[in-house]
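Q: what follows is a predicted protein model with its sequence.
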Amino acid sequence: MPDDALPLVHVDDDLVVIDKPAGLLSVPGRGPDKADCAASRVQARFADALVVHRLDMGTSGLLVFGRGPAAQRALSMAFEQRLTSKRYQALVAGWPAQAEGRIDLPLICDWPNRPRQMVSHTVGKPSLTLWQRLEAHALGARLALEPITGRSHQLRVHLQAIGHPILGDELYAPPEVQAAAPRLMLHAERLTLPHPRSGEPLVLHAPVPF
């Protein structure tokens, strides 16, 4: 396998799903030094693969590409219309008092400090995350996370807002929590979506690497 090959989770005539490693951009950034990304690597092997959604550079896990414009359009609409179900795992600082909960805090770009996002009850867009405590670890808890909406940095900002920032988060965690892990401890582990051709539910998994 070439050094730049990515783990394939699912491939058919309509879509490609990979397990994106942490530290790799989903799409090209600005400048030639940010040209390497999941999209360019997938397109080198599947020339018709088109971006459907993104994961933050630090987040690992399931990333979907549509093969051709029709499949891309169908998959993009499924995400926009919330016909998909997503589950992440995260290692967070601190032990939540409840076993599960919901975070309903509106989010907006913190424009002077972009790409940071922030909670704003006046101009933020509705944002909802469901969470469940799974087990303890040395610095806090492992959580299962279900984002109902898909705002930029939603899980990271929501968890920081309730006092449980994700370990290794260079944007939102305090220095000691940021330094507690070698990467952002956030992984997209399960995704259910309607197949772009048949409409049948497709359930995808990527094992949690931490």
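A: Received it, and whenever you're ready, just let me know what you need. Residues are numbered from 1 along each chain as shown.
Q: quick one: contacts for the spatially most central residue of the chain?
A: Nearest to the geometric centre of the chain sits Leu55, at 4.2 Å (Cα atoms, centre = their mean). By Cβ atoms under 8 Å, 6 or more residues apart in numbering, the contact set of Leu55 is Lys20, Ser26, Gly61, Leu63, Ala188. Any C-beta I mention is one placed from the backbone N, CA and C, and that applies to glycine too.
Q: need the per-residue pLDDT for it.
A: pLDDT for Leu55: 97.
Q: what's the distance between it and Leu63?
A: Computed as Cβ to Cβ, to the nearest Å, the Leu55 to Leu63 distance reads 6 Å.
Q: overlap in contacts of these two?
A: Lys20, Ser26, Ala188.
Q: now the last one: closest residue in space, sequence neighbours ignored.
A: Think Ala188. Here the nearest residue to Ala188 in space, its sequence neighbours aside, is Gly61; by Cβ to Cβ, 6 or more residues apart in numbering that works out to 2.9 Å.
Q: same question, the first one
A: Once flanking residues are discounted, Lys20 sits nearest to Leu63: 4.5 Å by Cβ to Cβ, 6+ apart.
Q: so which elements touch the longest helix seen in the chain?
A: Assignment by DSSP state H gives helix 69-80 as the longest helix of the chain. Helices and strands touching helix 69-80, by 3 or more Cβ pairs under 8 Å, 6 or more residues apart in numbering; DSSP states H and E, are strand 49-51, strand 60-67, strand 186-194.
Q: next SSE downstream of that helix?
A: Helices and strands here follow DSSP states H and E; after helix 69-80, the next one along the chain is strand 85-93.
Q: tell me the mean pLDDT over that following strand?
A: What strand 85-93 shows for mean pLDDT is 98.
Q: relative to strand 186-194, how tilted is that strand?
A: Interaxial angle of strand 85-93 relative to strand 186-194 (axes from the mean of the first three to the mean of the last three Cα atoms, to 10 degrees): 170 degrees.
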